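In: attaching a predicted model along with its sequence, questions to come.
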Amino acid sequence: MQELFGYIERITFQNPENGFTVAWLKSPKQKDLICIVGSMTSLQPGETVRCVGEWQNHMVHGRQFSVTDCQLEAPSDILGIKKYLGSGLVKGIGPVYAERIVEKFGIETLHVIDQNPESLQEIPGIGKKRIEQIKSCWDEQKVVRDVMIFLQSQDISPAFAQKIFKTYGDQSIEKIKDNPFNLARDIFGIGFKSADKVASKMGIAKDSPKRVDAGIEYVLSELSQDGHMCYPVDEFTEAAKEVLGVDAELVTSRLEGLRADDRIRLAQIPEEESHRLFVWLTPLFLAELGVAKELKRLKFSPFQLRDVDVDKAVDWVQKELKITLAKKQASAVKKAFSEKCHIITGGPGTGKSTIINCILKVTEKLTHRIVLAAPTGRAAKRMSEITGKKASTIHSLLEYNFRIRGFKRNRKNPLECDLIIVDEASMIDTVLMNQLLKALPDYARVIFVGDVNQLPSVGPGNVLNDLISSRKMTVTTLKEIFRQAKGSKIVTSAHLINGGYFPDLKNEANSDFFFIDMPEPEDVLQSILGLVTKRLPEKYGFDPLKDIQVLAPMKRGVIGTFNLNLVLQEQLTPQGNPLFLAGQKYLVGDRVMQMRNNYQREVYNGDVGWITSIDNVNQIVIVNIDGREVIYDFCDLDELALAYAVSIHKSQGSEFPCVVIPIHTQHFMLLHRNLLYTGVTRGKKLVVLVGTKKALAIAVKNDDVKKRYTALKEALAGHIDQMGWIS
């Protein structure tokens, strides 16, 4: 093994999946830059590193240094100091000030910043405010560097150091040593497995109650990521045993301990011939219980507005809007005024929007306290366009309060509304539904509108489906496609797919639905690149960054979202000066998606925006999301993912002018009818499928919807009081 020392001049590639990095290092002993390659996730330009590895000759790229270990060090020469300060690693100092500071203080620069930062006032342009910023960042960097060194010794990526510091502050290392498993609970991006590595190095035993408890909560959390609210205890015990590598008896005994601490709930659910024992994380159990309780309250509380003659109302609204409602549509409008809670479900082109507008037109004669809501910003925006009235996201409607870490709107402080219409209801998970229902006054009338055949919510639960199958709410199911929608091949194809029939794949000149037969994944990739970058913009005038959305069934593979994003970023965004953080490359102009709810920034899982600015001096990135500038610190950029291509699941609630979908047997495991149906229905003007007829046939035939374990139906049916809670 050999050793290299120097500073990172630039990074040309990083793979966020495995941390593989290609960077150029300037060594004091070498005239030319050295290409170093290896797994170095947290590396940033300007950092001084000591690398251990071996020289190798690459057939294409020539001589490289293959790194097996890379440790950060403080810069020790003037050039390294200048590069370190000028790289933006210290807030408030960019290339210009770095040049001036090093010119003034030379090799003593870092000592001056550390011990006597007031001396920086001698540099033209640096005042007290900037010195405070530099000093604050420098002090933070010292703690962060200590955390980074500690994490490196524990085999955790140093990229998490700043996030840990933001959460734990000066107590970071002490908090980790006290209970490393809290990392998995408190730090976004660190899972149980990483925390378990730290615990193992610290000597925490495999069968430690602390470890087993954390593992049980981790497995339940992972299952909730797959949509489950609860899980059968027998199957769960086996899953937890595998993850933890301990006996099933130990898992069972710790379940009882966690139940006593109210961190989990155990209960029996009546099934066909038995009462099977299930386990929940406590917040998820309370959410299911809450939805049932709140719906019962709303359903049986009186409505305070005057009664409506529903037949006259339907006749009147048809004349006012100059339309003729179909029988099912008229029935939906009538039920909106005769039922306290009602569900309207149907596919594209079945008239859901028409019904909403009719309900609004009549209700406006009775009250102006009407609320329109949807789960995402894009869905709310589309609802506003359809109705001509303001629609809000559910999150913004409920008004998050940082002091109490919860919503301001609740049972004690309800929304002021006589009617609420919630669109895209299939997207609402159980936890959010519980929060919404809590915030509705007793007298409010509630109408849920959605397409139950789409994919269920990204979050846990299957609320709309459970509400419909419980038969505890009235439901209008729309199936008739109306004349104006029949002219759209997108609509007719979607309904054929939903019915289990193969869509018509004849490509006609003026069609809005096309299929391109490509047998090999590499051919599919090249076809998508050509479509997005050239063919579709030239023929239809689509903006490739704003109008065209690539939707893929899965993340992995040549035509998975990960690889598609890399190649589309390369083709569509001017490369400029990239920012590399935690293995991801960010460029001004990048299309990005928010990957988790962040109430502080008022951005939510699935929101899409564009990077408008990267400020290395102040270590911030500005993203335009729905016309609003949102500021991200560098250490929070793992909340963003490239969105040139996104999963079909993440596209729910959105409509795009043009959608391009790879469909290939490479994605065999995820070829399901409701996945394909959801993807096709995202396209507004044009849908292009690229792949094989075999894969399309598999998806159309596969109606084996992945089961989600929930107990909402049982709660709604009143069995919840008979479920034998173990207390």
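Out: Alright, I've got the coordinates.
In: contacts, neighbours, all on C-alpha from now
Out: Will do.
In: which stretches of the protein aren't confidently modelled?
Out: Along the chain, the parts satisfying pLDDT under 70 run over 16-18, 41-42, 88, 148-149, 152, 155-159, 271-274, 483-486, 582-583, 719-727.
In: find the centremost residue of it, please.
Out: Met595 (2.7 Å; Cα atoms, centre = their mean).
In: isn't that residue right next to Leu642, touching?
Out: No: at 10.1 Å, Met595 does not count as touching Leu642 under the criterion of Cα atoms under 8 Å.
In: if we can go back for a sec, now the closest residue to the residue nearest to the centre of the chain other than its chain neighbours: how far from Pro375?
Out: Nearest non-adjacent residue to Met595, counting by Cα to Cα, 6 or more residues apart in numbering: Asn605, 4.8 Å away. Distance, Asn605 to Pro375, by Cα to Cα, to the nearest Å: 10 Å.
In: what's the answer for Asp615, then?
Out: With distances taken as Cα to Cα, Asp615 is found 32 Å from Pro375.
In: between the two, which is the more surrounded one?
Out: Between Asp615 and Pro375, counting by other Cα atoms under 10 Å, Pro375 is the more crowded of the two (27 against 15).
In: check the gap between that one and Val449 for me.
Out: Taken as Cα to Cα, the span from Pro375 to Val449 is 12 Å.
In: secondary structure element for Leu250?
Out: helix 248-260 (DSSP states H and E).
In: identify the bridge partners of Val67.
Out: Note on Val67: beta-bridge partners by DSSP bridges are Gly53.
In: how deep is it tucked in, by neighbour count?
Out: Here the count is done by other Cα under 10 Å, and Val67 has 22 residues near it.
In: what of Gly62?
Out: The number of residues near Gly62, taken as other Cα under 10 Å, comes to 9.
In: measure it to Thr21 for me?
Out: From Gly62 across to Thr21, the span is 16 Å (Cα to Cα).
In: ok, now Phe513?
Out: Distance of Phe513 to Thr21, computed by Cα to Cα: 40 Å.
In: more crowded one of these two?
Out: The neighbour comparison of Phe513 against Thr21 (other Cα under 10 Å) goes to Phe513, with 26 against 23.
In: max-length helix in the protein?
Out: helix 128-153 (DSSP state H).
In: what distance separates it from the centre of its chain?
Out: Helix 128-153 sits 30 Å away from the centroid of its parent chain (Cα atoms, centre = their mean, to the nearest Å).
In: could you say what helices and strands that helix packs with?
Out: helix 109-115, helix 161-168, helix 172-178 (3 or more Cα pairs under 8 Å, 6 or more residues apart in numbering; DSSP states H and E).
In: what does the longest one rub up against?
Out: Outside helix 161-168, the residues that touch it by Cα atoms under 8 Å, 6 or more residues apart in numbering are Val143, Val144, Arg145, Val147, Met148, Leu151, Ser172, Lys175, Asp186, Ile187, Cys635, Asp636.
In: out of those, which end up buried?
Out: For these, a burial check counting by 16 or more other Cα atoms under 10 Å picks out Val143, Val144, Arg145, Val147, Met148, Leu151, Ser172, Lys175, Cys635, Asp636.
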